[in-house]
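Asks: Model the following, please.
(one chain, ligands or ions: 1)
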Amino acid sequence: MEMPRIDAAIVARKPAIVAALQEVLPPDAVIFDEIEVRAYECDALTAYRCPPLAAVLPRTTAEVSAVLRICHKMGVPVVPRGAGTSLAGGALPTGDCVILGVARMNGVLETDYPNRFIRVQSGRTNLSVTGAVESDGFFYAPDPSSQLACAIAGNIAMNSGGAHCLKYGVTTNNLLGVTLVQMDGTVLEIGGAHFDAGGLDLLGVICGSEGQLGVVTEATLRILPKPEGARPVLMGFDSNEVAGECVSDIIKAGILPVAIEFMDRPCIEATEAFAKAGYPMCEALLIVEVEGSKAEIDEQLALIIEIAKRHNPVELREAADEDQAKRIWLGRKSAFGAMGQINDYMCLDGTIPVSSLPYVLRRIGEMSKQYGLAVGNVFHAGDGNMHPLILYDANKPGDLELCEAFGADVLKLCVEVGGCLTGEHGVGIEKRDLMKVQFAPEDMEAQLWVKDVFDPQWLLNPAKVFPLDVTASRRAV
Ligand SMILES: Cc1cc2nc3c(=O)[nH]c(=O)nc-3n(C[C@H](O)[C@H](O)[C@H](O)COP(=O)(O)OP(=O)(O)OC[C@H]3O[C@@H](n4cnc5c(N)ncnc54)[C@H](O)[C@@H]3O)c2cc1C
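Replies: Predicted structure coming up:
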């Protein structure tokens, strides 16, 4: 992976930059010691690391604005950061940048139940948004598996999804408004407490813009009444293909479960060894969850089980109570950690048409043999969002490069079958150089124009999303 060139002239001005930042922030909010800044040298894509010049931890929109004004004036790149759980290297620093972390901006600003929204500072973690409203019978729907740690800021930047987004949509479907600070410090209010504000859909442009267009400091989020109940069923099959066909049949039947999750044998084995969730040892496993009243759940599950039976499942286990439901989910929620115990891994994130699942899984298996690297598949099958986890050894020379090439082939395959490069993790640095596989030059150019408008000097989150050769003419990266 080609890293961006570091501007030595900016690095040479570090004392002046730090002094300027210290003028607008409290002393504990500016981190510049060479050892301390290492806490920000990577995100969850740990294969790539680079300590930043400095990091700042503002507490208010006004402080964010002041920081950006300074960096804009001094020509210093800024990398916005939430909790640093990006799997695409979205929050990876450059050596000449200031990391702008919003972790301390975690307050609830307003809850409005009659109008069903909550307004929060963007550093609030995903799970604690639900935590703030659940005692009143509400919840925030998008649920990335990292929801205990990841921030709403990162969710908005990556348009994050999760297991339950099959029914409720991803972040963009649950976002009503943002406060956005532009690189020159200007504060914009975009959207509001209702869907579809007038004018151009700037909220749609901001959601999923990966820290390229501004820093989100506050967000208004749609909250929903908690369903009466939910119940998962665990299904085991003796091949990936059959499990894939079962997913297609459930969707084709017009049933809308709240989640359909898929795990293949390598993932099942790793998860059982790690979390002991009591999964059957089979080739492929599905977790299908439905929700509603008891009668609704019974009716939907009966239909789903009938469909599953047509595919000769080796296991069919409906959760009888809350404890069993938790055990069924335990394995799925531990899958990434379980794979991480075996070796280093790179988690891919491509999306494919659900009907091509069997073919794509077969091809990934063939590629695994070709590259000599093991792969486990765990993903949101209902919407075709795949997460192949490629295992490699970071200490073995050449293994990372092999893993990168394998990953690129898988993502190209996703585009080839009519899917796309990313379902929910974003492009970041990981898929940057593959953007040309999906976008024609004129499509990419339109995206660059948007960047030009919001950040004409190209100072925000450098070297991400757009291939370096494409952006070279915009700013010398
Ligand atoms: C174990 C694990 C499981 C995961 N599961 C899922 C999953 O199920 N679904 C899913 O979608 N993702 C998942 N992820 C990926 C990750 O958690 C999400 O992308 C998440 O939204 C990142 O949030 P963050 O706060 O950690 O953002 P960061 O990693 O800090 O940053 C992510 C991006 O957001 C930008 N950004 C951060 N703050 C701001 C801001 N204030 N303004 C503008 N831009 C900003 C950054 O520049 C960067 O480009 C998982 C990650 C891990 C490690």
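
Asks: At which residues are the strands of the stretch 151-300 of the chain located?
Replies: Counting by DSSP state E, counting those that start in this stretch, one finds strands in the stretch 151-300 of the chain at the ranges 175-181, 187-191, 215-222, 224-225, 229-237, 259-264, 284-292.

Asks: what helices or strands is the first one leaning on?
Replies: The one in question is strand 175-181. Here strand 175-181 touches helix 61-74, strand 187-191, helix 202-206, strand 215-222, going by 3 or more CB pairs under 8 Å, 6 or more residues apart in numbering; DSSP states H and E. The way it works is simple: take the backbone N, C-alpha and C, and place the C-beta from them, glycine included.

Asks: Put together TSV for these, with mean pLDDT and mean neighbour count on each row.
Replies: What follows is these, written out as TSV (pLDDT from 0 to 100; neighbours: other CB atoms under 10 Å):
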stretch	mean pLDDT	mean neighbour count
helix 61-74	98	20
strand 187-191	97	18
helix 202-206	97	19
strand 215-222	98	26
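
Asks: would JSON lines of the ones you listed with distance to the ligand be doable?
Replies: Output for those, formatted as JSON lines (distance: least, CB to the nearest ligand atom, whole Å):
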{"stretch": "helix 61-74", "distance to the ligand": "8"}
{"stretch": "strand 187-191", "distance to the ligand": "12"}
{"stretch": "helix 202-206", "distance to the ligand": "8"}
{"stretch": "strand 215-222", "distance to the ligand": "4"}
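
Asks: and the closest residue to Ile352 other than its chain neighbours, what does it touch?
Replies: Distance criterion CB to CB, 6 or more residues apart in numbering; nearest residue to Ile352, sequence neighbours excluded, is Gly419 at 3.7 Å. Contacts for Gly419 were tallied using CB atoms under 8 Å, 6 or more residues apart in numbering; they are Gly350, Thr351, Ile352, Pro353, Ser356, Gly384.

Asks: picking that back up, which among the helices and strands packed on strand 175-181 is found nearest to Lys167?
Replies: Smallest distance to Lys167 across these (CB to CB): 13.8 Å, for strand 215-222.

Asks: partners of that closest one in the sheet?
Replies: If you go by DSSP bridges, strand 215-222 pairs up with strand 117-121 (antiparallel), strand 175-181 (antiparallel).

Asks: Tell me who's in contact with Ile268.
Replies: By CB under 8 Å, 6+ apart, the residues touching Ile268 are Tyr279, Pro280, Met281, Cys282, Leu285, Gly331.

Asks: tell me what the longest helix along the chain is packed against?
Replies: For the chain, the longest helix by residue count, based on DSSP state H, is helix 322-342. Where contact means 3+ CB pairs under 8 Å, 6+ apart, helix 322-342 is packed against strand 229-237, strand 259-264, helix 265-275, strand 284-292, strand 375-380, strand 388-392.

Asks: how far off strand 229-237 does that helix point, in degrees?
Replies: Going by axes from the mean of the first three to the mean of the last three CA atoms, to 10 degrees, helix 322-342 is angled at 50 degrees with respect to strand 229-237.

Asks: Just the buried ones among the contacts of Gly419, please.
Replies: Burial by neighbour count, judged by 16 or more other CB atoms under 10 Å, picks out Gly350, Thr351, Ile352, Ser356, Gly384 from the contacts of Gly419.
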